[in-house]
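Peer 1: Sequence first, predicted model second:
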Amino acid sequence: MADGFSSEMFEDSSIDATARVVDTGSDADERTVEAALRPRRLSEFTGQTRVCDQLSLVLEAAKRRGTPPDHVLLSGPPGLGKTTLAMLIGTELERPIRITSGPAIQHAGDLAAVLSSLMEGEVLFLDEIHRMSRSAEEMLYLAMEDFRVDVIVGKGPGATAIPLELPAFTVVGATTRAGLLPAPLRDRFGFTGHLDFYAPDELVTILERSARLLEVSADTDGITEIARRSRGTPRVANRLLRRVRDWAQVHGRQVVDEEAAHAALALFDVDDRGLDRLDRAVLDSLCRRFGGGPVGLSTLAVAVGEEADTVETVAEPFLVREGFITRTPRGRAATPLAWQHLGLTPPQGYTAQPSLPLDTGEGRFGA
Ligand SMILES: Nc1ncnc2c1ncn2[C@@H]1O[C@H](COP(=O)(O)OP(=O)(O)OP(=O)(O)O)[C@@H](O)[C@H]1O
């Protein structure tokens, strides 16, 4: 098998037909499969051409100077390759990478422990960086700027700050919510790359590679159908490929073809436009319960029984991008396409509302 992977590495967890086929995949088996499917070099990374070209330049220039590159912030919806790119930064720089996440760093002391053990030139990957505590954020942006932290010893009036020099390092932050980062932290990133949804032909390339690694035989029509219905997201594409493979296996088919894709995706509630159960629940609530909106995010989230954050970061970006909903100053609103997709007729005189931009944090270059 390619890259020396064993077949056990690719075995999925059992399938729960009610589970969201596109959710962010938190169980251990899913993570193992995801890790195995990650590209190993920047040149193997499909799509996001502009971000990859810019990043390559930043990394190459730093290598030639013999200094760590500027700090990098990667933003975008879940499953588009932020973690993968972060790993590739370490590989391309040939430097070790330390991995932690915002939720794991709740106190400045947690961060001080990580920072003080970094080696010269090491890459520190901070996933979900927007979820760090305020005190840790403040420590981080000072460390990013001056490669120094002030360790506070003692409490109250007797407390003293002991400065601790750090070796030069590079922070790679990943976030689905760039807009939540405080400006002083955001500005410490010398390079910001926003990842966008993938085109179907890019997903075809990704799926062909995944099928090879998983030793799944799949024909062009089968792969194309999965790519078309993967919400522009490699994680979803890889996951749907595994579900279609399961269907083909159980039904005694040798090949993942278009028929297998249709049958499996119908079973897992992925519709013709790639919308899944949550996507359709959002549209359904907006149209049937709220007359097309606008309705506030938290009200909408309660109506579909999900966390507001999940609706905002997982469902909404794709629905906005595909023209099903708009974000207005008064909340989320359905477009005529949403009504049409659900087979409903909008109320008389119903018009689409112009959308506010999504929270991409795009186009920012730190000072
Ligand atoms: N451009 C790509 N080419 C090939 N595979 C990709 C690409 N982007 C993502 N993938 C695959 O999709 C899966 C999810 O990617 P990754 O974990 O990097 O996403 P993410 O943006 O970090 O998601 P999250 O925000 O949930 O952490 C991985 O298995 C990865 O290998």
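Peer 2: Nice, I can see it.
Peer 1: Who are the contact partners of P167?
Peer 2: Taking CB atoms under 8 Å, 6 or more residues apart in numbering, we find P167 in contact with L118, M119, E120, G121, E122, F147. The way it works is simple: take the backbone N, C-alpha and C, and place the C-beta from them, glycine included.
Peer 1: Excluding chain neighbours, give the residue nearest to the first one in space.
Peer 2: Leaving out its chain neighbours, the residue that sits closest to L118 by CB to CB, 6 or more residues apart in numbering is F169, at 4.8 Å.
Peer 1: What residues does this protein have near the ligand?
Peer 2: Residues of the chain that fall close to the ligand, judged by CB under 6 Å from any ligand atom: 24, 34, 37-39, 45-47, 78-84, 127, 174, 176, 206, 234-235, 238.
Peer 1: In helices only, show me these.
Peer 2: Among these, the members found in helices (DSSP state H) are E34, L37, K82, T83, T84, I206, P234, R235, N238.
Peer 1: distance of the fifth one from V172?
Peer 2: Same thing as T84. From T84 across to V172, the span is 11 Å (CB to CB, to the nearest Å).
Peer 1: who's more crowded, those two?
Peer 2: A direct count of neighbours by other CB atoms under 10 Å for T84 and V172 places V172 higher, at 27 against 24.
Peer 1: Give the bridge partners for that one, please.
Peer 2: Beta-bridge partners recorded for V172 (DSSP bridges): V72, F125.
Peer 1: hang on, it packs against M87?
Peer 2: No - counting by CB atoms under 8 Å, V172 does not reach M87; the two are 9.1 Å apart.
Peer 1: Touching both of these two, which residues are there?
Peer 2: Taking CB under 8 Å, 6+ apart as the criterion, V172 and M87 both touch I97, F125.
Peer 1: Compute the number of surrounding residues for the closest residue to the ligand within the stretch 1-150 of the chain.
Peer 2: Closest residue of the stretch 1-150 of the chain to the ligand, CB to the nearest ligand atom: G81 (2.8 Å). Using other CB under 10 Å, G81 has 26 other residues around it.
Peer 1: List the contacts of it.
Peer 2: So G81 contacts F45, G47, Q48, L195, P234 (CB under 8 Å, 6+ apart).
Peer 1: Spit out the contact partners of the fourth one.
Peer 2: By CB under 8 Å, 6+ apart, the residues touching L195 are Q48, V51, L74, S75, G76, P77, L80, G81, K82, L85.
Peer 1: cool, P184 as well?
Peer 2: Going by CB under 8 Å, 6+ apart, P184 touches Y141.
Peer 1: secondary structure element for it?
Peer 2: Per DSSP states H and E, P184 falls inside helix 183-186.
Peer 1: following that helix, which helix or strand shows up next?
Peer 2: Using DSSP H and E, the helix or strand that follows helix 183-186 in sequence is strand 191-194.
Peer 1: Now do that next one: distance to the chain's middle.
Peer 2: With CA atoms, centre = their mean, to the nearest Å as the basis, strand 191-194 stands 14 Å off its chain's centre.
Peer 1: Could you do stretch 252-266 as well?
Peer 2: Remark: stretch 252-266 is offset 27 Å from the chain centroid, using CA atoms, centre = their mean.
Peer 1: In that stretch, which residues are buried?
Peer 2: For stretch 252-266, a neighbour-count test (16 or more other CB atoms under 10 Å) marks R253, V256, D257, E258, E259, A260, A261, H262, A264, L265 as buried.
Peer 1: would CSV of the residues you listed with pLDDT be doable?
Peer 2: Below are these laid out as CSV (pLDDT from 0 to 100):
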residue, pLDDT
R253, 93
V256, 95
D257, 95
E258, 96
E259, 96
A260, 97
A261, 97
H262, 96
A264, 97
L265, 96
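Peer 1: from what I can see, E120 looks like it's in a helix, true?
Peer 2: No - E120: not assigned to a helix; according to DSSP: H, G, I helix; E, B strand; the rest coil it is coil.
Peer 1: where along the chain do the strands fall?
Peer 2: For the chain, the strands defined by DSSP state E cover 72-75, 97-101, 123-127, 148-153, 160-165, 170-175, 191-194, 325-328, 331-334.
Peer 1: Can you give the contact residues for the fifth one?
Peer 2: Strand 160-165 is touched from outside by A112, S116, F147, R148, V149, D150, V151, I152, V153, G154, with contacts defined as CB under 8 Å, 6+ apart.
Peer 1: got a list of what the first one touches?
Peer 2: It stands for A112. By CB under 8 Å, 6+ apart, the residues touching A112 are M139, V149, V151, L164.
Peer 1: Repeat the analysis, applying 6 Å as the threshold.
Peer 2: V149, V151 (CB atoms under 6 Å, 6 or more residues apart in numbering).
Peer 1: And the fifth one, by the same measure?
Peer 2: By CB under 6 Å, 6+ apart, the contact list for V149 reads A112, L115, M139, A143, L164.
Peer 1: dump the residue contacts of G90.
Peer 2: By CB under 6 Å, 6+ apart, the residues touching G90 are I97, V123.
Peer 1: ok, back up a step: would you turn the contacts of L195 into JSON lines with distance to I97 and pLDDT?
Peer 2: Formatted as JSON lines, the contacts of L195 follow (distance: CB to CB, whole Å; pLDDT from 0 to 100):
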{"residue": "Q48", "distance to I97": "19", "pLDDT": "96"}
{"residue": "V51", "distance to I97": "18", "pLDDT": "96"}
{"residue": "L74", "distance to I97": "14", "pLDDT": "97"}
{"residue": "S75", "distance to I97": "19", "pLDDT": "96"}
{"residue": "G76", "distance to I97": "20", "pLDDT": "94"}
{"residue": "P77", "distance to I97": "23", "pLDDT": "93"}
{"residue": "L80", "distance to I97": "19", "pLDDT": "96"}
{"residue": "G81", "distance to I97": "16", "pLDDT": "95"}
{"residue": "K82", "distance to I97": "14", "pLDDT": "96"}
{"residue": "L85", "distance to I97": "12", "pLDDT": "96"}
